[in-house]
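Asks: this is a predicted model, with the sequence first.
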Amino acid sequence: MSDEYTPPFQVTELITNLTIEIGQYVGSITAFEKIHPNPVLRRENRIRSIHSSLAIEQNTLTLEQVTDVIDGKRVLGPPQDIREVKSAYEVYDVAASFDPYSVKDLLHAHRIMMNGLVKEAGVFRSGNVGVYAGTQLIHAGTPAKYVPELMEQLFTWLKKSKYHPLIKSCVFHYEFEFIHPFADGNGRTGRLWQSLILQKWQPVFAWLPIETLVHENQEEYYRVLQLADNAGDSTIFVEFLLRMIRDALKEMSETQNDRQNVGTNVGVNVGTNVGTNEEKILLLLKQDGTLTAKMLAGTLGITQRQVERMIAKLKSEGLLVRHGASKNGLWEVIDR
């Protein structure tokens, strides 16, 4: 196999617009949290994430029971389900210390998550596996002998790719589930790792309960996974996950509005048509001034040369200012 691997997917207009819309929600929520931090809400969202991620994997404990387990209270329930909650909370608690581009850290996270639950905790599987809905095989994982090499290739792509972190995280999630590198715990580990990729981009994702919406749309989640498998392309799955992320952020924004009880709407509603590519560039750079022309091109689905021409035009119009060197500097968007 080649050392270089590029996952098959397309950056559609929907993906671009969702990426921009999500970025605007992130900016608004982050600004609100700086002024009105709420550790209790963050903890509640973390617990919701753990409950939903495990419920997708058939854990039977209710949200209240999961909360009690985490609070150290006695809970009557299947011992394995209780162990799953404790292990998941432990790994989510230390997730910020992991490097999202490290296979070694991924294995460490899986070891914590699955310790005492499976024999092969913290190592890639030695046998072949499949994903079943009842007795029906939905997806057969990659043959075990290829898993280590494919995971190295996937992590290399993740680290080197210039696509927006939102897009990369969704593509990674799909490719991870496609390979299915572990004997068990692939779903919960894959969702954790996508969350880690995103929180390294924007810390708000450390307590965003995306898993709750995935759980509520579990049937659609597996249906879209299968459609992507059949197409040999993860585009439809990326669109689905970005919608879940957008909806989770929208819910969080609405919660903030309810808490604050003010007229100013913290959330935004970009809709499906964001505007011209120049406007999209301004929106993306306002969210993350470190984005390069290559990264912008990948997100917008246009050439790097086109982006460079648009940036030059925006600079000449006084809408963009560059601070620092080309490699380590950043862009500042000047409000009209």
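Replies: The structure has been received and is ready for your questions.
Asks: straight-line length of stretch 202-222, end to end?
Replies: 27 Å (CA to CA, to the nearest Å).
Asks: and it, what's buried?
Replies: 202, 204-215, 217, 221-222 (16 or more other CB atoms under 10 Å). Placement of C-beta: from N, CA and C, glycine included.
Asks: of those residues, which is the nearest to Lys280?
Replies: Comparing the buried residues of stretch 202-222 against Lys280 with CB to CB picks out Gln202 as the nearest, at 18.3 Å.
Asks: what confidence value was assigned to the nearest residue to the closest one once chain neighbours are set aside?
Replies: Counting by CB to CB, 6 or more residues apart in numbering, Gln202 lies nearest to Val26, which is 5.0 Å off, once chain neighbours are set aside. Model confidence at Val26, given as pLDDT, is 90.
Asks: what number of residues lie near Val26?
Replies: Val26: 24 surrounding residues under other CB atoms under 10 Å.
Asks: in this structure it contacts Leu249, no?
Replies: Yes: with contacts counted by CB atoms under 8 Å, Val26 reaches Leu249, the gap being 6.7 Å.
Asks: low-confidence regions, the stretch 151-300 of the chain specifically.
Replies: By pLDDT under 70, the low-scoring segments of the stretch 151-300 of the chain are 256-275.
Asks: which parts of it are helices?
Replies: Listed in chain order, the helices found in the stretch 151-300 of the chain under DSSP state H, counting those that start in this stretch are 165-179, 186-201, 210-216, 218-231, 235-260, 277-287, 293-300.
Asks: do you know which of those helices lies nearest Ser97?
Replies: helix 186-201 (10.0 Å).
Asks: which one of the buried residues of stretch 202-222 is nearest to Asp81?
Replies: His215 (15.3 Å).
Asks: distance of the residue nearest to that closest one when sequence neighbours are not counted from Val224?
Replies: Spatial nearest neighbour of His215, chain neighbours left out: Ser52 (3.8 Å); criterion: CB to CB, 6+ apart. Distance from Ser52 to Val224, counting by CB to CB, to the nearest Å: 17 Å.
Asks: can you check Met113 too?
Replies: Counting by CB to CB, the separation of Met113 from Val224 is 24 Å.
Asks: of those two, give the one with the bigger neighbour count.
Replies: For Met113 versus Val224, neighbours defined as other CB under 10 Å are more numerous around Met113 (24 against 19).
Asks: quick one, domains of the chain?
Replies: 13-260, 277-333 (automatic domain parsing).
Asks: among those, which comes closest to Glu4?
Replies: Among the domains of the chain, domain 13-260 comes nearest to Glu4, with 7.5 Å by CB to CB.
Asks: can you give me how far the closest one is from the chain middle?
Replies: Domain 13-260 has its C-alpha centroid displaced from the chain centroid by 7 Å (CA atoms, centre = their mean, to the nearest Å).
Asks: how much space separates Pro37 from Val204?
Replies: With CB to CB as the criterion, Pro37 and Val204 are 12 Å apart.
Asks: before we move on, what about Leu320?
Replies: 25 Å.
Asks: ditto for Glu332
Replies: Taking CB to CB, one finds Glu332 at 21 Å from Val204.
Asks: tell me the contacts of the residue nearest to the spatial centre of the chain?
Replies: Compute the mean C-alpha point of the chain, and by CA atoms, centre = their mean the closest residue is Gln194, 3.7 Å away. Each residue near Gln194 by CB atoms under 8 Å, 6 or more residues apart in numbering is listed here: Ser169, Cys170, Phe172, His173, Ile210, Leu241.
Asks: mind putting those in JSON lines, distance to His180 included?
Replies: Formatted as JSON lines, the contacts of Gln194 follow (distance: CB to CB, whole Å):
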{"residue": "Ser169", "distance to His180": "18"}
{"residue": "Cys170", "distance to His180": "17"}
{"residue": "Phe172", "distance to His180": "14"}
{"residue": "His173", "distance to His180": "12"}
{"residue": "Ile210", "distance to His180": "20"}
{"residue": "Leu241", "distance to His180": "17"}
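Asks: for those residues, which one is nearest Glu84?
Replies: For the contacts of Gln194, the nearest to Glu84 is Ile210 (18.8 Å; CB to CB).
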